[in-house]
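Asker: What follows is a protein structure lacking sequence information:
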C-alpha cells in the first residue's frame, strides 16, 4: 500500500473527502494513490496539508509522518 493511501486510511478519509479538502478530482486522486499518475508540486503540497504530514514523507524521503512547523 502506498504511503498516501495508508495515511489517508489512518486519518479515516475517503477519496471523495480528499477531493473536497484538496480540490483534486477524485479520479485523478485515485490514479495518484495507485501510482498510475504522478502529482504536481502543488497537488503534493495540498495533500500534505490535508493529511497533516510533510511533502518529504509523501515522497519517501523521510519516515517521519509528523508535519514540519507551518507558517502562520
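Answerer: Great, that's in hand. Everything numeric in this text was worked out from a predicted model, so none of it was measured.
Asker: Going along the chain, name the helices of this structure.
Answerer: All helices of the chain, identified by DSSP state H, fall at 3-11, 15-22, 26-33, 41-50, 55-59.
Asker: Tell me, how many residues neighbour residue 29?
Answerer: 22 (other C-beta atoms under 10 Å). To be clear about C-beta, it is placed using only N, CA and C from the backbone, and glycine gets the same treatment.
Asker: surely it meets residue 13?
Answerer: No. The pair residue 29 and residue 13 does not pass the contact test of C-beta atoms under 8 Å, sitting 10.5 Å apart.
Asker: Which among the helices of the chain is found nearest to residue 70?
Answerer: Proximity to residue 70, assessed across the helices of the chain by C-beta to C-beta, is greatest for helix 41-50 (8.0 Å).
Asker: Next, the buried residues of that closest one.
Answerer: With burial defined by 16 or more other C-beta atoms under 10 Å, the residues of helix 41-50 counted as buried are 43, 44, 46, 47, 48, 50.
Asker: mind listing what the fifth one touches?
Answerer: Same thing as residue 48. When contacts are counted by C-beta atoms under 8 Å, 6 or more residues apart in numbering, residue 48 touches 54, 55, 57, 58, 67.
Asker: If we use 10 Å, what do you get?
Answerer: 4, 7, 22, 54, 55, 56, 57, 58, 59, 67, 68, 70 (C-beta atoms under 10 Å, 6 or more residues apart in numbering).
Asker: How about the first one?
Answerer: By C-beta under 10 Å, 6+ apart, the contact set of residue 43 is 22, 23, 24, 28, 29, 32, 37.
Asker: Just want the most central residue of the chain.
Answerer: The residue at the geometric middle of the chain, judged as the C-alpha nearest the mean C-alpha position with C-alpha atoms, centre = their mean, is residue 47 (3.5 Å).
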